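Participant: just the structure for this:
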Amino acid sequence: MATWNDLILATPRHVGGKLLDEGPVALLEALLGTEGEQRVLLSHLQREPQLPRGGAFHEGRDHLEAATKPQCPREERLERLKSASLCFTRALSAERDTARVSLLALYVAMCRLLLGMPKESREWLAMAHQGAVELLKDILTEATGAQGFTRNRYLGGMLNFVIYFTSSATLGAGYLFWDRVMNRRADKVLRRALTQMEPLAAYVDSLREIRLRLGESTTSVPRYVVAHTLDGGQWVCRITLRTLVGEDEAEDFNGQDTRRVSRTGSERSTTVIR
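Facilitator: Numbers count the residues shown, from 1 in each chain. Model prediction:
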């Protein structure tokens, strides 16, 4: 089974305005071999761990597998790649799941690259990359909104009931108890989000490396880092998606807003994104 790193290494490098031919078969084998990585990614996102179903996607993979055969001549390989690209594009038009859309865009990008269309390949890779980043933000936004009791009518009502009927003598202890309960709940929700985000972040980082390998500049392709913070009780209390946008600055997204900060963490300004 190939890894994302194998796919990066198999991608032709862009040097001096030209793509170095490092073997189309190696790239196709690496792309097909990452199916296991793709299933792992989808399973961590709590989706059905299947790649897009239906004839178009599997037909496209059949074309790619045929193109890797040693006896496949160059002309036939190009025709297979054209057919595969059309199949993946057709499958993409019927797909609604963000993660699978990103994976399909990656397939199309690799086909366009091997067909000698690096500009189109970079455009499809950018689409795959941005879609995966937006999914990271969606997971974090959902987790941040669900970590408290505000969306749970039973636990929220229980909390209000206990606070209302607790005497002043025991109010402090009651608050400490519920603070622990709420921290535990937040920890559970945020750790679940981390489980989803970590393999997705690795995929996002791999797409960035492929884009850089195809000649895009580091200033136009930001790097994304998922970090989490523990409180004094070792509960996860915050997850941050950091976008490294320059040599000295970054943008931190905490699930609600985006803050521009220095690399040392000092806050510069705040902007709400919606």
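
Participant: for residue 191, give me the pLDDT.
Facilitator: We have a pLDDT of 86 for residue 191.

Participant: so how far is residue 236 from it?
Facilitator: Going from residue 191 to residue 236 by C-beta to C-beta, to the nearest Å gives 6 Å. (C-beta placed from N, C-alpha, C; glycine too.)

Participant: so for these two, which sits in the more crowded spot?
Facilitator: residue 236 (21 against 14; other C-beta atoms under 10 Å).

Participant: this protein: helices as residue ranges?
Facilitator: Per DSSP state H, the chain carries helices over the ranges 4-10, 24-33, 35-44, 55-67, 74-93, 98-114, 118-146, 153-165, 168-213.

Participant: closest to residue 226 out of those?
Facilitator: Of all these, helix 168-213 sits nearest to residue 226, with 4.6 Å by C-beta to C-beta.

Participant: what is the mean pLDDT for stretch 8-18?
Facilitator: Rounded mean pLDDT across stretch 8-18 is 77.

Participant: meant to ask about stretch 46-59
Facilitator: Mean pLDDT, stretch 46-59: 76.

Participant: next one: stretch 202-217
Facilitator: Stretch 202-217 comes out at a mean pLDDT of 94.

Participant: list the buried residues for that stretch?
Facilitator: 202-216 (16 or more other C-beta atoms under 10 Å).

Participant: same question, stretch 43-63
Facilitator: 44-45, 51-52, 56-57, 59-61, 63.

Participant: quick one: those residues as a markdown table, columns for distance to residue 118 too.
Facilitator: Shown next, in a markdown table, are the buried residues of stretch 43-63 (distance: C-beta to C-beta, whole Å):
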| residue | distance to residue 118 |
| --- | --- |
| 44 | 31 |
| 45 | 30 |
| 51 | 25 |
| 52 | 25 |
| 56 | 25 |
| 57 | 24 |
| 59 | 25 |
| 60 | 20 |
| 61 | 23 |
| 63 | 21 |
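
Participant: which one among these gets closest to residue 257?
Facilitator: Nearest to residue 257 among those: residue 45, at 23.9 Å, using C-beta to C-beta.

Participant: distance check, that closest one against residue 250.
Facilitator: 25 Å.

Participant: for the buried residues of stretch 202-217, which two are the farthest from each other?
Facilitator: Spanning the widest gap among the buried residues of stretch 202-217 are 202 and 215, at 22.7 Å by C-beta to C-beta.

Participant: so residue 66 is in contact with residue 72, correct?
Facilitator: Yes. Here residue 66 reaches residue 72: they are 6.4 Å apart, a contact under C-beta atoms under 8 Å.

Participant: alright, I will stop here.
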